[in-house]
Structure formats: C-alpha cells, structure tokens
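*Asks:* have a look at this prediction, sequence included:
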Amino acid sequence: MSNVQSQTLPATLELRRWLALPVLLAGTFMVILDFFIVNVAIPSLQRELNADAATIEWIVACYGLTYAAGLIIGGRLGDLYGRRRIFALGLAVFTFASAACGWAPDAALLIVARAAQGAGAALLAPQVLAIIGVTYTGADRGRAFAIYGVVLGLASACGQVVGGLLIRADLLGLGWRGCFLVNIPIGVAALLLAPSLVPESRAPIGRRLDGSGVVLITLAITALLLPLIEGRRQGWPTWTWLSLAAAVALFGGFVYQQRRHQQRRHAAPLIDPAMFRVPRFRIGLLAVLALFGGVASFFLVLALYLQQGRGLDALAAGLMFTTLAGAFSAASLVAGRIARRLGRPPLVIGALGMAAGLLGLRVTVGWIGTGGSPLLLLPALLLDGAGMGLVMAPLVANALAGLPARDAGAAAGVLAAVQQFANALGVALIGLVFFGVLAQAPPAAAYATAFGASLDWLVGLALVLAVLARIMVRRRA
C-alpha cells in the first residue's frame with residue numbers, strides 16, 4: 001500500500017468515527033425530548049381523545065416507567081448481542097411506536113404506544129453511552145461526552161418550546177399528533193445511516209441472558225418507580241407504601257440472585273457486582289442521583305411558577321427554558337478547555353455555579369413574587385444553566401471511566417436507570433414541598449412562596465452535588 005493510501009485510510013476511519021456520533025445522538029435527542037414534549041400536548045390531547053385525568057397521567061407515566069424498567073436489561077443486551085444491533089432495534093421500536101402514538105385513535109392505544117416507546121428507548125439509550133465509551137479515547141472521549149451533554153441538555157430544556165411551536169404551527173392540521181410524528185423522519189434517517197457509520201462492539205462474556213435477573217430487576221424497578229410517579233398525584237394511598245416495601249425485598253433478592261448467577265460457568269449476570277467495587281463509579285452514581293433529582297424537579301417547579309403563577313403560555317415559558325439551555329450548551333462546549341486548563345474536570349465549579357444560580361433565583365423570586373418582568377429571572381437562569389453544562393457531561397464520563405469495556409453496556413444501563421430513578425424521586429420529593437406550601441400560602445403569593453421553598457431544598461442538593469464532585473476529583477487524582 002502506498003504512503004498516500006495508508007494516510008487516507010486512517011483519515012477515512014476517523015471521519016466515519018465522528019460521523020457515527022450524530023446518528024447516536026439523534027436517538028438520545030428523541031428519547032429525552034419525548035419526556036418533556038408530551039406535557040405541552042396534554043390540553044389538546046385531552047380534548048380530542050376525551051380522556052380523563054387518570055388516563056392522561058398514564059399517558060405521561062407509562063413512557064418513563066417502561067423506559068426505566070428496561071435500561072439495565074437493554075445495556076446488557078448490547079454487551080451480549082452487539083451494541084449497534086441493539087441500538088438499531090431500539091431505534092426501530094421507538095420510531096414505529098412514535099408513529100403509533102401520532103395516529104392513535106383513542107387513549108387506550110396511545111397508552112400502549114407510549115409504553116412501546118419507552119421500551120424502545122430502554123434498548124437504544126444505554127448503547128449510546130457504551131458505544132461512545134468504547135469508540136473514543138483520551139481527549140476525543142471528552143469531546144464526545146461534551147457533545148452528548150449538550151444534546152441531553154437541549155432536549156431536556158427545549159421540549160416545551162418545540163412542543164409549543166409544533167402545536168401552534170398545526171402542520172397539516174395534526175395538532176398534538178405532530179409532537180410524536182416529528183420523530184419519524186429523524187428515526188428513519190438514523191436507522192438508514194447506523195449500519196454504515198456506527199461501529200459494532202460487544203463484550204467477551206457469557207452468551208445467555210440472565211432470565212431470572214431480568215424478571216427480578218423489572219419487578220423491582222417497577223415496584224419502586226410506580227409509587228414515586230403516581231403517589232403524589234393520588235395522595236400516597238396504602239398501595240404506594242406496600243409497593244415501596246416490595247421493591248426493597250425484590251432488590252435484595254436481585255442482589256442475591258446476581259451473586260449466585262456470577263458463580264456459574266459462561267454466565268453473564270445483568271450487573272457484575274465487581275463494578276460497584278470501583279469507588280469512582282459508586283460516588284458517580286450518588287452524584288447522578290443528586291444532579292438529575294435536582295434538575296428534573298427544578299424543571300417541574302419552574303414550569304409551574306412560570307405558567308400557573310405568572311400566567312405565561314407554554315411557548316413563552318418554553319423560551320425561558322431556552323435561555324437556560326443556551327447557557328448549558330455554551331458551558332458544555334467549553335468544559336473540555338476548562339478541564340485542560342485546570343488539569344481536572346470542572347465538576348466542583350459547575351456544581352457551585354448551579355447552587356449560586358438557584359440561590360440568585362431564590363432571592364429574585366422573593367423580591368418580585370409573581371409580578372415584575374420575567375426577564376429579571378434570566379441572570380440566575382443563565383448561571384444555573386452554565387453550571388449544569390459544566391457538570392453533566394464530565395460527570396457521566398468520570399462515572400464510567402475505569403470500568404472494563406466488557407461492562408460498558410451494563411454500566412451505562414445502571415447509570416441511566418439511576419438517572420430515571422433520580423428524576424422520579426426528585427419530582428416526588430420536591431413536588432411534596434411545592435404543593436404542600438402552595439396549599440397553605442396566601443393565594444396572592446402562593447406560587448412564588450412555593451417556588452421559593454422548593455429552591456431552598458434545591459440549593460442544598462446542589463451543594464451536596466459539589467461535595468460529591470469534590471470527592472470524585474480527589475479519587476481521580
């Protein structure tokens with residue numbers, strides 16, 4: 001082979017390696033967007049399908065439930081049968097289910113389609129983190145995770161404004177259905193490109209999926225998340241507490257079963273207990289719990305304050321979220337430079353920035369209540385968004401660093417499952433604070449008072465995140 005050919009081949013492989021990233025992140029964007037975009041569609045969806053409040057709750061909740069319950073399984077399936085293959089399967093299921101959501105003639109079929117969306121998301125999401133982890137190395141891995149963080153933040157923060165624009169545009173008279181059908185061209189394009197651009201990888205471990213582990217972990221996660229998702233809305237009835245108690249027993253049984261399964265020849269447990277002996281991974285999971293528990297609940301109470309407290313419509317409130325997303329994206333893109341200048345991840349700076357932004361928002365809301373211009377909130381939102389951008393991608397990268405490649409999919413599944421648990425737990429606990437204060441505060445100041453009380457807890461959570469980030473940085477050093 002000539003010298004020119006030998007130089008061209010690595011350049012072609014390098015280009016293909018980077019072209020794989022947009023394909024992977026297209027899946028991530030759709031999965032996260034569909035968590036938030038449906039909230040904007042609820043009023044028109046409820047009118048057209050004549051759905052009651054309980055049905056609407058299930059349309060929202062079943063997606064997150066099937067997604068969270070399948071993440072660990074999806075991660076291990078990628079390790080066993082090929083991460084690109086399972087990514088493509090999940091993408092196909094998600095795209096087909098999105099079409100079914102968009103054309104659903106009634107609420108019952110929409111609930112089934114939303115559950116199928118969640119199952120497809122559970123298959124594809126862990127593969128994205130795992131493929132990034134095994135495909136990129138060194139500084140390239142940091143850049144790839146930074147871009148992943150930007151997409152994650154944009155999808156989270158822009159869900160409302162994208163949904164509001166689609167419903168207001170009412171393309172082809174589709175109304176709320178456009179919020180689901182928009183996934184189809186993105187999903188089809190990613191499916192066509194994945195075989196030629198996304199590299200295949202798998203782990204040299206046992207060839208059979210642990211069926212007993214699948215059943216136990218699915219039941220355990222469902223028993224844990226279902227009461228967290230539905231408990232506050234239903235006033236925490238007896239079944240929620242029984243379900244939480246059952247979850248503890250099921251998780252205990254799962255841990256015991258995994259240890260027994262690991263001792264068998266050619267066995268592939270869903271979760272290798274050895275990964276939890278890596279201190280940085282353990283601390284990383286706690287930090288993920290603090291970060292996403294705070295972010296998910298903050299988005300909830302901020303939306304309630306802006307829309308119900310200040311009377312902004314979905315699109316105007318979404319634009320406020322877009323400001324936060326812009327700061328997030330900008331900070332994510334420079335996080336790598338900051339890390340190189342400091343010689344360590346900017347996790348602590350970002351967490352303290354989040355705490356400062358939330359504290360600034362607390363002071364501002366205490367000053368203006370539900371009056372004054374909403375533009376006064378922007379400086380604190382910008383600071384909070386920038387802090388998130390400095391934390392999110394480096395935190396994911398650091399939590400997964402140091403784990404063996406054979407467990408990349410399983411570890412990514414565990415990380416994503418903890419993220420979903422954090423979302424549900426944060427919304428449940430901060431929701432209790434918000435609605436508890438809302439019921440007792442004077443009507444004129446109710447939403448501002450409830451939002452301020454929630455921010456008090458969120459500032460504390462951001463400071464906990466800063467402490468955990470500091471421990472992670474010291475562990476790495």
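*Replies:* Received the coordinates, thanks. Residues are numbered from 1 along each chain as shown.
*Asks:* how about the contacts made by residue 257?
*Replies:* 212-213, 216 (CB atoms under 8 Å, 6 or more residues apart in numbering). C-beta: built from backbone N, CA, C; applies to glycine.
*Asks:* pLDDT score for it?
*Replies:* Residue 257 is assigned a predicted lDDT (pLDDT) of 85.
*Asks:* relative to residue 39, how far out is it?
*Replies:* 37 Å (CB to CB, to the nearest Å).
*Asks:* what's the lengthiest helix in the chain packed up against?
*Replies:* Longest helix in the chain by number of residues (criterion: DSSP state H): helix 3-49. Here helix 3-49 touches helix 53-81, helix 83-102, helix 107-135, helix 138-169, helix 178-181, helix 183-197, going by 3 or more CB pairs under 8 Å, 6 or more residues apart in numbering; DSSP states H and E.
*Asks:* where among those helices is average confidence lowest?
*Replies:* Among these, helix 138-169 has the lowest mean pLDDT, at a mean of 77.
*Asks:* may I see the buried residues of that helix?
*Replies:* Neighbour-count burial for helix 138-169 flags 141-167 (criterion: 16 or more other CB atoms under 10 Å).
*Asks:* now do that helix against helix 107-135, angle only.
*Replies:* Put simply, helix 138-169 runs at 160 degrees to helix 107-135, going by axes from the mean of the first three to the mean of the last three CA atoms, to 10 degrees.
*Asks:* so the helix or strand containing residue 415 versus helix 83-102, what angle?
*Replies:* Using DSSP states H and E, residue 415 maps to helix 408-440. Here the directions of helix 408-440 and helix 83-102 differ by 40 degrees (the same axes, to 10 degrees).
*Asks:* residue 271 versus residue 249, what's the distance?
*Replies:* From residue 249 to residue 271 the distance is 18 Å (CB to CB).
*Asks:* er, residue 73 actually
*Replies:* 10 Å.
*Asks:* residue 66 too?
*Replies:* To residue 271, residue 66 is 19 Å away according to CB to CB.
*Asks:* ok, the two, which is more surrounded?
*Replies:* More neighbours surround residue 271 than the other of residue 66 and residue 271, with 24 against 21 (other CB atoms under 10 Å).
*Asks:* what comes up buried for whichever strand or helix holds residue 358?
*Replies:* Assigned by DSSP H and E, residue 358 falls within helix 347-368. For helix 347-368, a neighbour-count test (16+ other CB under 10 Å) marks 347-362, 364-365 as buried.
*Asks:* try stretch 464-477
*Replies:* 464-466, 468-469, 471-473.
*Asks:* next: stretch 219-233.
*Replies:* Neighbour-count burial for stretch 219-233, counted by 16+ other CB under 10 Å, picks out 219-232.
*Asks:* tell me how far that stretch lies from the chain's centre.
*Replies:* 17 Å (CA atoms, centre = their mean, to the nearest Å).
*Asks:* correct me, but residue 391 touches residue 352?
*Replies:* No - the pair residue 391 and residue 352 does not pass the contact test of CB atoms under 8 Å, sitting 9.8 Å apart.
*Asks:* okay, now the unreliable bits of the stretch 301-450 of the chain?
*Replies:* Low-confidence segments of the stretch 301-450 of the chain, defined by pLDDT under 70: 314, 336, 339-340, 342-345, 405-408, 444.
*Asks:* returning to that earlier point: what angle do helix 3-49 and the helix holding residue 415 make with each other?
*Replies:* Going by the same axes, to 10 degrees, helix 408-440 makes 30 degrees with helix 3-49.
*Asks:* and helix 408-440, what does it pack onto?
*Replies:* helix 53-81, helix 107-135, helix 211-234, helix 279-304, helix 378-400, helix 446-476.
*Asks:* which residues are in contact with stretch 220-228?
*Replies:* So stretch 220-228 is contacted by 64-65, 68-69, 72, 236, 239-241, 243-244, 246-247, 250-251, 253-254, 417, 420-421, 424-425, 427-428 (CB under 8 Å, 6+ apart).
*Asks:* now which of those would you call buried?
*Replies:* Buried members of the contacts of stretch 220-228, scored by 16+ other CB under 10 Å, are 64-65, 68-69, 72, 240, 243, 246-247, 250-251, 254, 417, 420-421, 424-425, 427-428.
*Asks:* ok, residue 341 - how many residues close by?
*Replies:* 10.
*Asks:* what's the helix or strand harbouring it packed up against?
*Replies:* Assigned by DSSP H and E, residue 341 belongs to helix 314-342. Using 3+ CB pairs under 8 Å, 6+ apart, the elements in contact with helix 314-342 are helix 138-169, helix 279-304, helix 347-368, helix 378-400.
*Asks:* try 6 Å this time
*Replies:* helix 138-169, helix 378-400 (3 or more CB pairs under 6 Å, 6 or more residues apart in numbering; DSSP states H and E).
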